[in-house]
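Novice: mind looking at a prediction? Sequence and model below.
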Amino acid sequence: MIATRNAFALLISLTLAACGDSSTMSTISAPSQSGDRPYTPAQIDRTCDLATFPSALWTQCEAQNFAKVGEGPREQAANPDFLTTWQAQSQANFLEWTMRAAADPSWLGLPSGNTPQTPLCTTWGLQCAGDPFRYPDAPGPNGASFYSGEAEVIPFVIYDDGCARISGRVWAPKGSKSGDQLPNVVIENGSVQAPETLYWWAAQMLVRSGYVVLTFDPRGQGRSDQQTPSFEQGSNANSSVFWTGLVDVIDFFRSTPVMPYPHNATCAGTYPTEVVDFNPFFDRIDRDRLGIAGHSLGAQGVSIVQGYGAEGADPWPGKLDPENPVKVTVAWDGLAGPDGTSDGGAGGNVPLPRPPGTGSTQIGIRTPSMNQAGEYGLTPVPFTQPPDPEAHKHAFAKWRDAGMPVFTITIQGSSHYEWSLLPTFPASSWCPSTASGACAGGWGNPLAQHYTLAWFDRWLKKPGEIGYDDADARLLDDDGEQGREKLSFRYRSARAFPDRSGVMHHCDDIRAGCVPL
């Protein structure tokens, strides 16, 4: 996942040209959706949904919608507090990287392939710092107070199956203890310019909601090795690491003192770097409640990994579990169907690399899965004609037809970077205010948080745990703050899943209005 400076410059010029006045638009009531009974949803402004093409109104709607993709960089540039905090954290990250290399010179040079520029974002500097208010030294609620009062966070290094070193973190709620049996989630990055720092918004959100979490940099990403000792590459040069490497870290996440992580033994002595042989929070996780989330090529990774063991797919390749332990999946831009076609994301609804293995014919459909998609992709440009409104529902249709619970949303006015919070990159608002000492408010990322947490809570929480009782209500709160007003009027969002009482909720166009619970 990477955007060029030229593309960003083009974005800014288009964004400035696109700013318009919505006051001239009239409000058009949403039509009723046919179903078991007539239903008229609460009115939202669907003027742009129903605008004919070509027309001046259609063009005005597109200009206003596209302008949202420049909100993020504009608000960052106008906020001295954000810029100062970001610069200081970038420098601190570079110093930390330098100190690691000084303490263990094997992190640089051959055979690791690591340099100050490889992997890209290895220093976690500049844009790769992500949200600068989510670090332990930041003073606000997502900084020092989170790490001291809400979470335990332990860094780790392990070997992957090719003896490349993988850097990551495990996160647990503060005060959790042995025997707590908490639900747990592994988060996988997007590719190239997407270190684990960009996804700490999700880790913090999940820890606050009672989850044990693992974040990591896949091979060829961030603080992990660029390549194996035998020169097998990572990241986009070898996209298979986004599923093989994900299986490796799931093995580590599920390792214990009596069932240690196997690749550390296989690769022992490759480097002088100290590695961690088992998950330090092994005794706090419920082994029957594992979820996975991934962005971009990581969304392809979680799509493949959730399906191991399903009919027509490869068997589970992990070393510690006889069967696939994954119970639920969230794909951020976007979920891949059995033929490898991705709903959104860098692939843009085109076939992506197929899973490796012997005899694999498809990506399996095994778990309840949520797709979240952006409208304008990696290098945003305005639409010049209406896109296919069903284009982000390919995988959705496959899950629905297989009888597996599925949910898909496309965020209005969004880019590929709603989930990877890169300063200056084109995205809707994600840090409009820092008055609290943290980024607060925004457009696309709060919507992503809302649906991600509700989906995991729906399938992983137990009675009595926070988020269990209202998970269905949050997923069905179409007229709430994070509801259908924020959903795309270009691509249809949809759902097909049962609530906890067994009632099926099937809606092919959430923004148009659905029969309520």
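Specialist: Sure, I can see it. Please read all numbers here as calculations on a predicted model, not as lab measurements. Residues are numbered from 1 along each chain as shown.

Novice: tell me which strands the helix or strand hosting Asp286 pairs with, and in which orientation.
Specialist: Using DSSP states H and E, Asp286 sits within strand 285-295. Applying DSSP bridges to the sheet, strand 285-295 is found paired with strand 182-188 (parallel), strand 326-332 (parallel).

Novice: all helices for the stretch 151-300 of the chain, in order.
Specialist: Secondary structure of the stretch 151-300 of the chain (DSSP state H, counting those that start in this stretch): helices at 200-208, 241-253, 262-266, 297-307.

Novice: what is the shortest one packed up against?
Specialist: Here helix 262-266 is seen to pack against strand 151-159, helix 241-253 when contacts are counted using 3 or more CB pairs under 8 Å, 6 or more residues apart in numbering; DSSP states H and E. To be clear about C-beta, it is placed using only N, CA and C from the backbone, and glycine gets the same treatment.

Novice: contacts for stretch 101-118, please.
Specialist: With contact meaning CB atoms under 8 Å, 6 or more residues apart in numbering, stretch 101-118 is reached by 100, 122-123, 164-165, 225-231, 233, 271-273.

Novice: restricted to buried residues, select those in ChimeraX.
Specialist: A single ChimeraX command selects the buried members of the contacts of stretch 101-118 (16 or more other CB atoms under 10 Å):
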select :122,123,164,165,225,226,227,228,229,233,271,273
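
Novice: thinking again about what came up before, columns mean pLDDT on top of the strands paired with strand 285-295, output as CSV?
Specialist: As requested, the strands paired with strand 285-295 are exported to CSV (pLDDT from 0 to 100):
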stretch, mean pLDDT
strand 182-188, 98
strand 326-332, 98
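
Novice: looking at these, which is closest to Pro260?
Specialist: strand 182-188 (18.1 Å; CB to CB).

Novice: please save the CA atoms from that closest one in PDB.
Specialist: The C-alpha trace of strand 182-188 is given here as PDB (Å, rounded to 0.1, in the frame of the first residue of the first chain):
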ATOM      1  CA  LEU A 182     -10.700 -13.300  27.100                       C
ATOM      2  CA  PRO A 183     -11.600 -13.100  23.400                       C
ATOM      3  CA  ASN A 184      -8.700 -12.300  21.200                       C
ATOM      4  CA  VAL A 185      -7.800 -10.800  17.800                       C
ATOM      5  CA  VAL A 186      -4.800 -10.700  15.500                       C
ATOM      6  CA  ILE A 187      -4.400  -7.600  13.300                       C
ATOM      7  CA  GLU A 188      -2.500  -7.700  10.000                       C
END
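
Novice: residues in contact with it: which ones?
Specialist: 172-173, 176, 196, 199, 202-203, 206, 210-216, 218, 242, 246, 249-250, 253, 284-286, 289-295, 298, 301-302, 456, 460-461, 465.

Novice: pull out the buried residues from the residues you listed.
Specialist: 172-173, 176, 196, 199, 202-203, 206, 210-216, 218, 242, 246, 249-250, 253, 284-285, 289-295, 298, 301-302, 456, 460-461.

Novice: how near is Val328 to Asp288?
Specialist: 12 Å (CB to CB, to the nearest Å).

Novice: typo on my end, Gly269
Specialist: Gly269 is 36 Å from Asp288, by CB to CB.

Novice: circling back: neighbour-wise, which of Val328 and Asp288 wins?
Specialist: Neighbours were tallied for Val328 and for Asp288 using other CB atoms under 10 Å; the higher tally belongs to Val328 (23 against 10).

Novice: the more buried one and Ser369 touch, don't they?
Specialist: Yes - proximity of Val328 to Ser369 meets the contact threshold set by CB atoms under 8 Å, at 7.4 Å.

Novice: how about the contacts of stretch 101-118, which pair is most distant?
Specialist: Thr123 and Ser230, at 25.6 Å, using CB to CB across these.

Novice: pLDDT weak spots in this protein?
Specialist: For the chain, the stretches with pLDDT under 70 are 1-42, 345-361, 516-517.

Novice: let me see the ranges of the strands in this protein.
Specialist: 151-159, 165-173, 182-188, 212-216, 285-295, 326-332, 369-374, 406-411, 494-498, 504-507 (DSSP state E).

Novice: can you give me the helices for the stretch 351-500 of the chain?
Specialist: 394-401, 444-460, 471-475.

Novice: any chance of those helices in CSV, plus distance to His505?
Specialist: As requested, the helices of the stretch 351-500 of the chain are exported to CSV (distance: least, CB to CB, whole Å):
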stretch, distance to His505
helix 394-401, 12
helix 444-460, 11
helix 471-475, 8
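
Novice: which of those is buried the deepest?
Specialist: A comparison of the helices of the stretch 351-500 of the chain by mean neighbour count, using mean count of other CB atoms under 10 Å, puts helix 444-460 on top with a mean of 23.

Novice: output the contacting helices and strands for it.
Specialist: Looks like helix 444-460 contacts strand 182-188, helix 200-208, strand 285-295, strand 326-332, strand 369-374, strand 406-411, helix 471-475 (3+ CB pairs under 8 Å, 6+ apart).

Novice: ok, now with 6 Å
Specialist: strand 285-295, strand 326-332, helix 471-475 (3 or more CB pairs under 6 Å, 6 or more residues apart in numbering; DSSP states H and E).

Novice: of those, which approaches Leu320 most closely?
Specialist: strand 285-295 (10.0 Å).

Novice: compute the inter-axis angle for the closest one and helix 297-307.
Specialist: Calculated by axes from the mean of the first three to the mean of the last three CA atoms, to 10 degrees, strand 285-295 forms an angle of 140 degrees with helix 297-307.

Novice: between strand 285-295 and strand 212-216, how many degrees?
Specialist: Going by the same axes, to 10 degrees, strand 285-295 makes 40 degrees with strand 212-216.

Novice: returning to that earlier point: Leu95 is nearest to which of the strands paired with strand 285-295?
Specialist: By CB to CB (comparing all of the strands paired with strand 285-295), the closest turns out to be strand 182-188, at 25.6 Å.

Novice: what's the offset of the closest one from the middle of its chain?
Specialist: Averaging C-alpha positions (CA atoms, centre = their mean, to the nearest Å) puts strand 182-188 12 Å from its chain's average.

Novice: distance of Ile285 from Asp180?
Specialist: Counting by CB to CB - Ile285 and Asp180 are separated by 9 Å.

Novice: nearest residue to Arg458 other than its sequence neighbours?
Specialist: Nearest non-adjacent residue to Arg458, counting by CB to CB, 6 or more residues apart in numbering: Ala471, 4.1 Å away.

Novice: mind listing what that neighbour touches?
Specialist: Ala454, Asp457, Arg458 (CB atoms under 6 Å, 6 or more residues apart in numbering).

Novice: and which of those residues is nearest Asp277?
Specialist: Asp457 (31.7 Å).

Novice: which residues touch the closest one?
Specialist: Gly467, Ala471.

Novice: repeat for Gly301
Specialist: The neighbours of Gly301, taking CB under 6 Å, 6+ apart as the test, are Glu188, Phe242, Trp243, Leu246, Gly294.

Novice: next one: the third one from Cys431, what distance?
Specialist: As defined by CB to CB, Trp243 lies at a distance of 32 Å from Cys431.

Novice: which one's more surrounded, these two?
Specialist: Shown here are Trp243 and Cys431; by other CB under 10 Å, Trp243 has more neighbours (29 against 25).

Novice: thinking again about what came up before, and the strands paired with strand 285-295: which comes nearest Arg500?
Specialist: strand 326-332 (14.2 Å).

Novice: buried residues, that closest one. List them.
Specialist: Result for strand 326-332 [16+ other CB under 10 Å]: buried residues Val326, Lys327, Val328, Thr329, Val330, Ala331, Trp332.

Novice: and the residues you listed, which two are the farthest apart?
Specialist: Lys327 and Trp332, at 18.1 Å, using CB to CB across the buried residues of strand 326-332.

Novice: how far does stretch 431-440 stretch from start to finish?
Specialist: 6 Å (CA to CA, to the nearest Å).
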